[in-house]
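1. here are the coordinates; sequence isn't available:
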Ligand SMILES: NC(=O)C1=CN([C@@H]2O[C@H](COP(=O)(O)OP(=O)(O)OC[C@H]3O[C@@H](n4cnc5c(N)ncnc54)[C@H](O)[C@@H]3O)[C@@H](O)[C@H]2O)[C@@H](O)CC1
Ligand SMILES: [K+]
């Protein structure tokens, strides 16, 4: 963002003009929140202005709100005139009441505008400032945060000391990682992104590598059935089943793979589970697979191109052998759950298989851990409190040579080439048994259709979340595949 500002200002756009536009965007959002209320009978709009440019934005917004007829009070931290530059100019621009900030806040407040700290937050909020933040959070007034809720680190989404819990946050030009990563995400409330005069062309110089996950990132590379095509064009996905008493997870994965567009799906089952699988499967095919030799034979059919290993499979030697065989045969592999845990004692063995002696120019392995599984493969990264979830995932991807999907409410997807995406869609109902298994199947379907692995992972995470949003409350894992046709229809509509 600093670079975007710098290029814009060098291009002849005055810094204060950016601040005016930022303040105007904040005021517009405030007016939308105040809609339906009458200025004459409502409480004050209290703008908390910090010592930096975040406070400058608050002062500009205060002036626009004052002009719109609202009772505005500024509570100021520090001396804006001594700050000089744009902040001093913003202070002169504001013509209303201003008082030094204390924890004794006005009583009748309709709206707080939080302009204490934004991108410049450099240490934890402590002492009286922390008390002020707590008092604002406790008040029944609504809260609009400027750029970031004060106390949230824009790089990591972490709370430094304490942080404002906003109903709405207005940020500028583009979202930042701290808006999408928890706990920052939940402190932002609704996120508005306002344009303030920075041209999109600055991105050609900045070349960002981190994205908010969404169709714009991948819908144009998404593979779809062709009118003249046949099922083999859409790939053949394989899901490894667990033993007789643990087959459900693999079936969830397999049915999701078929719904998500794989041309064919086969379940590889140990002999003990053949009957139970056979009694449940219809369009999904079933093959016996007992040990490495069997798998080696099966892999001679090179139409089998994308594999899922892990859901309900069991932890141990078989998982390690199968994963190595699949990757060694140059096939694509989604490794999840028990498949990940099986490499806990020797993650490097997995990473070596993933890189296949560095013969693989493109990632063939996708890891889909939740935080617990991630910590088994990357204990040092999991423990490092200086790293954000985004940074942890990026390091893990670089180390493993795999696409890493670190799951959670704020799933992060990273590629060894440095790209990453943060997903902020979905619903809390996704936190239920078996939804991870469904994700592996959606992913296998995209890989089977030969979508590049990073885009395949991003779109699968998004489709999975969207399916949950469409179903709504009461979701169980079995409901997700049934929503995929609607998700795919939506994506088709967006593409045309
Ligand atoms: N051209 C630009 O750079 C633009 C910046 N904008 C605004 O400028 C903001 C960034 O401004 P700044 O870089 O001035 O930074 P901030 O305004 O976020 O805060 C920096 C100030 O806060 C102090 N501070 C940091 N952490 C503290 C803590 N825990 N306790 C007490 N004091 C603390 C610092 O010493 C410094 O004085 C953005 O968030 C955005 O709101 C907008 O005006 C749009 C244009
Ligand atoms: K703020």
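-> Yes, it's here. Predicted model only: the values in this text are computed from it and were never measured. Ligands and ions are numbered 1, 2, ... in the order given.
2. so who does residue 476 touch?
-> Residue 476 is in contact with 432, 433, 434, counting by Cβ atoms under 8 Å, 6 or more residues apart in numbering. C-betas here are computed from N, CA, C, even on glycine.
3. do the same with residue 144
-> Shown in contact with residue 144 (Cβ under 8 Å, 6+ apart): 26, 29-30, 33, 111-114, 166-170.
4. same question, residue 353
-> Applying Cβ under 8 Å, 6+ apart, we find residue 353 in contact with 323, 324, 327, 328, 365.
5. now the helix or strand harbouring the first one: mean pLDDT?
-> Element membership for residue 323 (DSSP states H and E) is helix 317-328. Per-residue pLDDT over helix 317-328 has a mean of 97.
6. Could you give the separation of the least confident helix or strand in the chain by mean pLDDT from the chain centroid?
-> The helix or strand of the chain with the lowest confidence, counting by mean pLDDT, DSSP states H and E, is helix 80-83 at a mean of 86. From the chain centre to the centre of helix 80-83 is a distance of 38 Å (Cα atoms, centre = their mean, to the nearest Å).
7. going on from that helix, what's the next piece of helix or strand?
-> Sequence-wise, the next helix or strand downstream of helix 80-83 (DSSP H and E) is helix 85-93.
8. Give me the helices and strands touching that following helix, please.
-> Applying 3 or more Cβ pairs under 8 Å, 6 or more residues apart in numbering; DSSP states H and E, one finds that helix 85-93 makes contact with helix 15-34, helix 53-67, helix 80-83.
9. who touches the first one?
-> This points to helix 15-34. So helix 15-34 is in contact with 5, 8-9, 42, 45, 53, 56-61, 63-65, 68, 70, 85-86, 89-90, 93, 110-111, 113, 115, 142, 144, 146-147, 167-168, 170, 172, 192, 194-198, going by Cβ under 8 Å, 6+ apart.
10. The shortest one now?
-> Residues from elsewhere that reach helix 80-83 (Cβ under 8 Å, 6+ apart): 49, 51, 52, 55, 56, 59, 87, 88, 90, 91.
11. JSON lines for those, including neighbour count and distance to ligand 1?
-> JSON lines is the format used below for these (neighbours: other Cβ atoms under 10 Å; distance: Cβ to the nearest ligand atom, whole Å):
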{"residue": "49", "neighbour count": "31", "distance to ligand 1": "9"}
{"residue": "51", "neighbour count": "18", "distance to ligand 1": "4"}
{"residue": "52", "neighbour count": "22", "distance to ligand 1": "2"}
{"residue": "55", "neighbour count": "28", "distance to ligand 1": "6"}
{"residue": "56", "neighbour count": "33", "distance to ligand 1": "6"}
{"residue": "59", "neighbour count": "27", "distance to ligand 1": "10"}
{"residue": "87", "neighbour count": "25", "distance to ligand 1": "7"}
{"residue": "88", "neighbour count": "17", "distance to ligand 1": "12"}
{"residue": "90", "neighbour count": "28", "distance to ligand 1": "8"}
{"residue": "91", "neighbour count": "20", "distance to ligand 1": "13"}
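12. Out of those residues, the closest to residue 355 would be?
-> residue 52 (45.2 Å; Cβ to Cβ).
13. Can you pull the phi/psi pair for the closest one?
-> Backbone geometry at residue 52, expressed as degrees, to the nearest 10, gives phi -110, psi -160.
14. which SSE is the spatially closest residue to it that is not a sequence neighbour in?
-> Spatial nearest neighbour of residue 52, chain neighbours left out: residue 120 (4.6 Å); criterion: Cβ to Cβ, 6 or more residues apart in numbering. Using DSSP H and E, residue 120 is not contained in any helix or strand.
15. show me the contacts for residue 120.
-> Contact analysis of residue 120 by Cβ under 8 Å, 6+ apart lists 52, 53, 54.
16. just residue 372 next, same as before
-> Per Cβ under 8 Å, 6+ apart, neighbours of residue 372: none.
17. quick one on the thing from earlier: any chance of a PyMOL selection covering the buried ones in the contacts of residue 476?
-> Applying 16 or more other Cβ atoms under 10 Å to those, the buried members can be selected in PyMOL as follows:
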select buried, resi 434
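18. of the contacts of residue 476, closest to residue 274?
-> residue 434 (21.7 Å).
19. can you map out the strands along the stretch 351-496 of the chain?
-> Counting by DSSP state E, counting those that start in this stretch, the segments of the stretch 351-496 of the chain that form strands are 365-367, 403-406, 412-414, 420-422.
20. Please name every helix or strand in contact with the first one.
-> Translated: strand 365-367. Contact here means 3+ Cβ pairs under 8 Å, 6+ apart; on that basis strand 365-367 packs against strand 332-335, helix 347-355, helix 389-400, strand 403-406, helix 453-471.
21. how about a cut-off of 6 Å?
-> strand 332-335 (3 or more Cβ pairs under 6 Å, 6 or more residues apart in numbering; DSSP states H and E).
22. Mind listing what's buried along the strand it packs on?
-> Going by 16+ other Cβ under 10 Å, strand 332-335 has these buried residues: 332, 333, 334, 335.
23. In TSV: those, plus distance to residue 485 and pLDDT.
-> As requested, these are arranged in TSV below (distance: Cβ to Cβ, whole Å; pLDDT from 0 to 100):
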residue	distance to residue 485	pLDDT
332	24	97
333	26	98
334	22	98
335	27	98
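24. closest to residue 275 among the residues you listed?
-> Closest to residue 275 out of those is residue 334 (26.0 Å), distances taken as Cβ to Cβ.
25. any weak-confidence spans in this protein?
-> Scanning the chain with the threshold set as pLDDT under 70 gives 357-360.
26. Can you pull up the residues of it that come close to ligand 1?
-> By Cβ under 6 Å from any ligand atom, the residues of the chain that approach ligand 1 are 5, 15, 18-19, 22, 50-57, 117-125, 129, 146-147, 172, 196.
27. ChimeraX command for the buried members of those residues?
-> Per 16+ other Cβ under 10 Å, the buried members of the residues of the chain next to ligand 1 correspond to this ChimeraX selection:
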select :5,15,18,19,22,50,51,52,53,54,55,56,57,117,118,119,121,124,125,129,146,147,172,196
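28. For stretch 482-492, list every residue counted as buried.
-> Neighbour-count burial for stretch 482-492, counted by 16+ other Cβ under 10 Å, picks out 483, 484, 487, 488, 491.
29. Would you pull up how far that stretch lies from the middle of the chain?
-> Centroid displacement of stretch 482-492 relative to its chain, using Cα atoms, centre = their mean, is 20 Å.
30. what's near enough to touch residue 114?
-> Going by Cβ atoms under 6 Å, 6 or more residues apart in numbering, residue 114 touches 48, 145, 150, 164.
31. Distance of it relative to residue 152?
-> For residue 114, the distance to residue 152 equals 10 Å [Cβ to Cβ, to the nearest Å].
32. now swap in residue 480 and tell me
-> 32 Å.
33. Tell me how far residue 157 lies from residue 117.
-> Counting by Cβ to Cβ - residue 157 and residue 117 are separated by 15 Å.
34. Can you give me the buried ones in the least confident helix or strand of the chain?
-> Across helix 80-83, burial judged by 16+ other Cβ under 10 Å covers 80, 83.
35. and what of stretch 367-385?
-> 367, 368, 369, 370, 373, 374, 375, 376, 377, 378, 381, 382.
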